[in-house]
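K.L.:
Everything below, folded, please.
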Amino acid sequence: MGTDALLSDDSIDIIDLCVPIHEHAKLSIAALKAGKHVICEKPMARSLKDAEKMLKAADKNGKGLYIAHTRRFDRRWKKIKENVVVQYEMAKEKRRVEEALRESEEKNRNLIENANDAIFTLDLDGAFQLVNKKFEEITGFAREEVLGKKMEELKLIEQGYSETMANDFEKSIGGDPGEPYEIVIINRKGERKYIELSTTAVIEKGEIVGKDYGRIPSIQCYASQLGQVFLNILINAGQAIEGQGTVTVKTFEEDDQLVVEISDDGQGMDEATVKHVFDPFFTTRGVSVSYGIIKRHNGRIYAESEVGKGTTFTIELPLQSKS
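P.N.:
The predicted structure follows:
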């Protein structure tokens with residue numbers, strides 16, 4: 001199979017370069033741009049300039065560029081390939097979930113937009129976040145005039161009903177769905193209209209709170225790889241929470257290390273799980289891949305957890321002097 005056919009084949013996700021060193025840069029950059037992961041033997045390139053181009057291509061395209069010291073160490077080479085496969089499967093699952101979420105959100109948007117009833121959402125301050133076409137039709141207000149504003153600003157509710165709606169809003173936030181009730185609105189033309197209103201509180205699962213971002217210096221790193229690590233741990237934290245919960249992110253500098261702590265108050269893990277959580281294939285949530293990324297940054301990642309109380313993942317990265 002020719003190079004062009006190889007790179008355009010969607011069934012091929014990982015390219016193992018078995019070519020002379022002077023071809024490493026050209027072929028690996030082409031493969032990374034084509035959305036493939038790349039494995040090559042050390043030395044990775046003929047010159048430092050070529051190596052930098054390869055690393056930039058990997059970072060820009062969010063793909064793995066793995067370097068092995070020699071193919072003669074079959075066990076090490078096999079481990080590298082396994083790591084690539086795990087990272088690929090994790091990325092593929094992430095894409096699948098994101099696509100399913102996008103499809104679900106699009107479907108929900110269409111249902112809301114084309115509903116026969118007026119539908120609107122308010123934030124906790126009472127400001128409009130969303131309105132559908134029926135709302136525009138009934139009130140006479142275009143959504144551009146409404147979004148971000150409160151009902152009292154628009155004078156949408158007749159004065160005698162404002163208190164009733166405010167009380168219902170408070171009850172809904174407290175978890176009481178209440179019963180439908182009638183109010184009078186004043187449309188854009190100043191006409192009075194009777195409508196039946198029903199409210200429901202929608203509270204998203206989890207919340208990132210207590211963000212304690214200390215002043216930390218810049219470090220030399222592969223930003224996309226560290227971003228993947230933080231995303232993996234945040235996803236784990238969210239999945240560990242049943243119902244409403246909190247995720248806390250803290251950053252600080254300590255003993256020449258940049259430290260990131262991500263904690264949740266979810267279900268937690270027992271000692272046996274904590275002991276093996278970074279083992280390859282022990283979990284499908286990308287934790288072992290995150291461990292490998294942090295190790296390649298000469299850093300350290302560890303977990304502390306207690307069943308029923310939650311988990312904290314701590315990442316320590318060495319500070320590097322500015323060049």
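
K.L.:
In which helix or strand does the spatially most central residue of the chain reside?
P.N.:
Centroid-nearest residue in the chain: residue 231, 5.4 Å away (criterion: Cα atoms, centre = their mean). Here residue 231, judged by DSSP states H and E, is contained in helix 223-240.

K.L.:
helices or strands next to that helix in the packing?
P.N.:
Judged by 3 or more Cβ pairs under 8 Å, 6 or more residues apart in numbering; DSSP states H and E, the packing partners of helix 223-240 are helix 48-61, strand 247-254, strand 257-264, helix 287-296, strand 310-318. Heads up, the C-betas are built off the backbone N, CA and C, glycines and all.

K.L.:
ok, 6 Å please
P.N.:
strand 257-264, helix 287-296 (3 or more Cβ pairs under 6 Å, 6 or more residues apart in numbering; DSSP states H and E).

K.L.:
Can you list the buried residues in it?
P.N.:
225-226, 228-229, 232-234, 236-237, 240 (16 or more other Cβ atoms under 10 Å).

K.L.:
and the angle for that helix with helix 48-61?
P.N.:
30 degrees (axes from the mean of the first three to the mean of the last three Cα atoms, to 10 degrees).

K.L.:
Please state the offset of the helix or strand hosting residue 160 from the chain centre?
P.N.:
Using DSSP H and E, residue 160 sits within helix 159-173. Offset of helix 159-173 from its chain centre (Cα atoms, centre = their mean, to the nearest Å): 35 Å.

K.L.:
Which is the succeeding secondary structure element to it?
P.N.:
Scanning forward in sequence from helix 159-173 by DSSP H and E, the next helix or strand is strand 181-186.

K.L.:
which strands and helices sit next to the following helix or strand past that next one?
P.N.:
Where DSSP H and E defines the elements, the next helix or strand beyond strand 181-186 is strand 192-197. If contacts are counted by 3+ Cβ pairs under 6 Å, 6+ apart, strand 192-197 sits against strand 181-186.

K.L.:
Could I get the pLDDT score of residue 283?
P.N.:
Model confidence at residue 283, given as pLDDT, is 58.

K.L.:
Rebuild the buried residues of helix 223-240 as CSV, extending it with distance to residue 53 and pLDDT.
P.N.:
Shown next, in CSV, are these (distance: Cβ to Cβ, whole Å; pLDDT from 0 to 100):
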residue, distance to residue 53, pLDDT
225, 17, 83
226, 21, 88
228, 21, 79
229, 24, 86
232, 28, 82
233, 31, 88
234, 31, 85
236, 34, 82
237, 36, 85
240, 40, 85
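
K.L.:
Residue 153 is nearest to which of the helices and strands packed on helix 223-240?
P.N.:
strand 257-264 (38.0 Å; Cβ to Cβ).

K.L.:
what packs against the closest one?
P.N.:
Applying 3+ Cβ pairs under 6 Å, 6+ apart, one finds that strand 257-264 contacts helix 223-240, strand 247-254, strand 310-318.

K.L.:
Direction included, what does it pair up with?
P.N.:
Strand 257-264 has the following strand partners under DSSP bridges: strand 247-254 (antiparallel), strand 310-318 (antiparallel).

K.L.:
Identify each buried residue in the longest one, please.
P.N.:
Using 16+ other Cβ under 10 Å as the test for burial, strand 310-318 gives 310-317.

K.L.:
what about residue 155, distance to residue 24?
P.N.:
Residue 155 is 69 Å from residue 24, where distance means Cβ to Cβ, to the nearest Å.

K.L.:
rewinding a little: from the buried residues of helix 223-240, pick the one nearest residue 262.
P.N.:
The closest of those, once distances to residue 262 are taken by Cβ to Cβ, is residue 233, at 4.9 Å.

K.L.:
okay but that closest one is in contact with residue 312, surely?
P.N.:
No. Using Cβ atoms under 6 Å, residue 233 makes no contact with residue 312, being 9.9 Å away.
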